[in-house]
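> sequence first, then the predicted structure, then my questions.
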Amino acid sequence: MSGGTTTRRPFQTNWLARAGWLLAFLYALYAANLLDISWERFLIGLDNGAKFIGEMVPPNFSRWQLLLGNLIETIEIAIIASAFGVFISLPVGLLAARNLMPAWVTWPFRTFIALCRSFHPVIFAILFVKAVGFGPLAGILTLIFASIGFIGKLFAEAIEEISLKPVEALRATGAPFMSVIVYAVLPQVLNRFIGFSSYQLDANLRNSTMVGIVGAGGIGGTLFSAFQRFDYDFLAAILISIIALVMVSEYISTQVKKVFQ
Amino acid sequence: MIQEKLWQRFTFAERLSRFAVFLGFAVALALSMRTVQIIPEFLYDAPTQVADLLGRMWPMDFDYYPQGVHATMMETLHIASLGTLLSIFMAVPVGILGANNIVRQPLLHWLSKLILVSSRSVNTLVWALLFVAVFGPGALAGTICIAFRSVGFVGKLFAEALEECNPGPIEALQAAGAPWLSLFLKGYWPQVAPAFWGIFLFRWDINVRESAVIGLVGAGGIGMVLDDALNLFFWDRVAVILLSIFTVVIVAELLVTAIRKRII
């Protein structure tokens, strides 16, 4: 044994990581320059922001009837859209699962799901407002498509992860296709499906506050017109009620998840 | 005599609460269906309207892409990336405050939770409206809007990742008397780094989608061109813009999936 001491630094410098951070920093400078973002503009903005917040307090709840009516419409849009979205995404998700279906079935459904997912709900809302006119119906249709995109994808992935043993066992007994689905596939994924659905109800509630901005019903329309009329104290009231609504719905969905655990 | 035993998966209380959830949802749905204001004539008219829409969209005005769309598309991507980077700087402290194995102050927890929830419950478009009112129309408002909206998501997931950290290395560092910064950089950070980059990429992917629409309310990016085309009823241009958004979103998603596979 040689008595030579080998010094080993405990924490080696990771030059690659440092270079990465430097690169990110340089990119940020470049992009900020390109987008015409400057410190002066930011400071002017802060000044405006102070004025803006000054006009927002105190929130003006005097038109609470309008506010309440809009909130109820928002909730209705979210509930109807979630119900239809969930019912449609159940078969869509099943048909898009690659371990149960042949490729020629999954491809069209996977494309459909990708299409639903890749556009922001607002874009769908614009197209549906053109197709079915202003009002909650356009909002409902928008959120149905958004729900299919989200639940359909996650549900298909959940099915692709199931254990295939019960499926084989049922097939070996000669069970028809529907029985295989109901007794071998669904019991393995139903809990997760309910989890996705309650999450989507939450997400739909959030999004249904927004589709109104392009005229698809709900509280978004009122919010947008409050902005355009510089009615900032009423705006603060709307924002507070939206945040409260979302917090309540998050609480409810946590409770629902507990029930189904 | 053999006693009959009925096997049940759930207790009575469990079944009752499950039933209550379904019943509650069914009642809410029925009430909503009855009171929501839908004009059926509009629905019957929909196929004609859709046919009209598609007829106006085709043929697409591809020449418009190099003239008006490409530059704003790049702007959109920059807004998304810069906004995500900015959100990290805000989300890391908020996430640390929210992780209950690092900070044991209930008040700070509550503060962090409040920031995270309000960031997430206000929609991107609403954030965009707010910041357009503050900073004026343009990419600055868009970038800050994307950053503020992402804080809730990144911060929440980062806090959860921190809470799942293995306490062993951290206790070892504490025993050696490491200062707080070293504790974080050498104890927590190596454990959460893969999750962190995963969250970052995931959020960037979402932000590409979102920054494509914030322009509709004036916050820069391709949405502003889309808004113009919609207001002028240039549906052939709208089709080109939608197609380019679709392509970019799909490419971003494929890219993120590929990188995530390599780092996780």
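Good, I have the coordinates. Residues are numbered from 1 along each chain as shown, chains lettered A, B, ... in the order given.

> rest of the way, CA atoms for contacts and neighbours
Fine.

> who's in contact with residue A:107?
If you count contacts by Cα atoms under 8 Å, 6 or more residues apart in numbering or on different chains, residue A:107 has them with residue A:96.

> so it is in which element?
Using DSSP states H and E, residue A:107 maps to helix A:103-118.

> and that helix, how far from the chain's centre?
On the basis of Cα atoms, centre = their mean, to the nearest Å, helix A:103-118 is displaced by 19 Å from the centre of the chain it belongs to.

> may I see the buried residues of that helix?
Neighbour-count burial for helix A:103-118 flags A:106-107, A:109-110, A:112-114, A:116-118 (criterion: 16 or more other Cα atoms under 10 Å in any protein chain shown).

> ok, so of those, who is nearest residue B:41?
For the buried residues of helix A:103-118, the closest approach to residue B:41 (Cα to Cα) belongs to residue A:116, at 25.8 Å.

> quick one: contacts for the closest residue to that closest one other than its chain neighbours?
In this structure, residue A:116 finds its nearest non-sequential neighbour in residue A:149, 4.7 Å apart by Cα to Cα, 6 or more residues apart in numbering or on different chains. By Cα under 8 Å, 6+ apart, the contact list for residue A:149 reads A:113-117.

> and what of residue B:17?
residue A:259.

> next SSE after the helix or strand hosting it?
Element membership of residue B:17 [criterion: DSSP H and E] is helix B:12-35. Sequence order places helix B:40-57 as the next helix or strand after helix B:12-35, per DSSP H and E.

> now the helices for chain B?
Ranges of helices in chain B, per DSSP state H, are B:12-35, B:40-57, B:64, B:70-98, B:106-121, B:124-135, B:139-163, B:167-175, B:180-182, B:189-211, B:222-231, B:235-263.

> give me the secondary structure label for residue A:45.
Counting by DSSP: H, G, I helix; E, B strand; the rest coil, the backbone at residue A:45 sits in helix.

> now do it: how many residues are near it, please.
Residues lying near residue A:45 (other Cα atoms under 10 Å in any protein chain shown) number 20.

> so where's the chain uncertain?
Just going to use chain A. Within chain A, the set of residues satisfying pLDDT under 70 comprises A:1-8, A:10.

> wrong one, chain B
Using pLDDT under 70, the flagged stretches of chain B are B:1-3, B:264.

> next to chain B, which bits of the stretch 1-150 of chain A? Give me the list.
Within the stretch 1-150 of chain A, the positions adjacent to chain B are A:28, A:31-32, A:35-37, A:41-42, A:44-46, A:48-49, A:52, A:73, A:76-77, A:79-80, A:83, A:118-120, A:122-123, A:130-133, A:135-137 by Cα under 8 Å from any Cα of the partner chain.

> residue contacts, the residue nearest to residue B:113 when sequence neighbours are not counted?
With sequence-adjacent residues excluded and distances taken as Cα to Cα, 6+ apart, residue B:113 is closest to residue B:98, at 6.6 Å. If you count contacts by Cα under 8 Å, 6+ apart, residue B:98 has them with B:108-110, B:112-113, B:156, B:159.

> how close does residue B:98 get to residue B:105?
Distance from residue B:98 to residue B:105, counting by Cα to Cα, to the nearest Å: 9 Å.

> kindly report the same for residue A:62.
38 Å.

> on that earlier part again, which one of the buried residues of helix A:103-118 is nearest chain B?
Chain B lies nearest to residue A:118 out of the buried residues of helix A:103-118, by Cα to the nearest Cα, at 6.1 Å.

> correct me, but that closest one touches residue B:247?
No: checked against Cα atoms under 8 Å, the pair residue A:118 and residue B:247 is beyond contact range at 9.0 Å.

> could you list the residues of the stretch 151-261 of chain A in contact with chain B?
The stretch 151-261 of chain A has residues A:206-207, A:209-210, A:227, A:239, A:242-243, A:246-247, A:256, A:259-260 near chain B, with proximity defined as Cα under 8 Å from any Cα.

> among those, which ones are in helices?
Counting by DSSP H, the part of those found in helices is A:206-207, A:227, A:239, A:242-243, A:246-247, A:256, A:259.

> how far does stretch B:169-186 sit from the chain's center?
33 Å.

> contacts for it, please.
So stretch B:169-186 is contacted by B:187-188 (Cα under 8 Å, 6+ apart).

> give the buried residues for it.
Buried positions in stretch B:169-186, judged by neighbour count with 16+ other Cα under 10 Å: B:170, B:173, B:178, B:183-184, B:186.

> what about residue B:168, how many neighbours?
Counted with other Cα under 10 Å, residue B:168 comes out at 10.

> oops, could you answer that again for residue A:42 instead?
Counted with other Cα under 10 Å, the neighbours of residue A:42 add up to 16.

> again with residue B:118
Around residue B:118 there are 21 residues (other Cα under 10 Å).

> for the stretch 1-150 of chain B, which residues are neighbours of chain A?
When proximity is defined as Cα under 8 Å from any Cα, the stretch 1-150 of chain B approaches chain A at B:14, B:17-18, B:21, B:28-29, B:32-33, B:36-38, B:42-43, B:45-47, B:49-50, B:53, B:75, B:78-79, B:82, B:85, B:117-118, B:121-123, B:125-126, B:129, B:133-136, B:139-140.
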